[in-house]
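K.L.:
I'd like to go over a predicted model; first the sequence, then the structure.
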Amino acid sequence: MKALLYLVSILWIAMGTFVVVFTERSRETFKRLFLARRPKHLSIVAFALGVVLIIGAFFNRDIFWFAFILGLLAISKGVYLYLAPLEQSKALMDWWFVQAKPETVRFMGLILFVLGIALFSYLR
């Protein structure tokens, strides 16, 4: 389980770096990957990530609350994407990939980077 948490943290660090350094290119890449798919299919990814974080929290007591809260947030995001009306989910994705300012996207990349670094450093 610790290996999965390391994988999640490294993935978050890499994605956060990619978003901060190559904002427009990452936006286009993520738009190609995620905008064409239905949000209900993407909810599976968020839900699975949340389950991995929550299970990992019970195996690593040092990061219990950090991983548990992040897992709950990911599960709630997955549930929202699954239960929200399709128009609302599409509008949210459209805003993120088309209308959001580059500074907003970079800030989200920075948050992702910091969360990845924090998870990685707590894992030791």
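P.N.:
Received the coordinates, thanks.
K.L.:
Mean pLDDT per element in the chain, and the minimum belongs to which helix or strand?
P.N.:
When the helices and strands of the chain are scored by mean pLDDT, DSSP states H and E, helix 86-94 comes last with a mean of 87.
K.L.:
what separates the following helix or strand past it from the chain centre, distance-wise?
P.N.:
Per DSSP states H and E, the first helix or strand lying C-terminal to helix 86-94 is helix 102-123. On the basis of C-alpha atoms, centre = their mean, to the nearest Å, helix 102-123 sits 10 Å off its chain's mean C-alpha point.
K.L.:
Can you tell me what sits against helix 102-123?
P.N.:
By C-beta atoms under 8 Å, 6 or more residues apart in numbering, the residues outside helix 102-123 that reach it are 2, 5-6, 8-20, 23-24, 26-27, 60, 62-63, 66-67, 70, 96. C-beta coordinates here come from the backbone N, C-alpha and C atoms, glycine included.
K.L.:
Now it: buried residues?
P.N.:
When burial is assessed from 16 or more other C-beta atoms under 10 Å, helix 102-123 yields the following buried residues: 105-106, 109, 112-113, 115-116, 119-120, 123.
K.L.:
per-residue pLDDT, the spatially most distant residue from the centre of the chain?
P.N.:
Here the centre of the chain is the reference, and by C-alpha atoms, centre = their mean the most remote residue is residue 61, at 22.3 Å. pLDDT, residue 61: 86.
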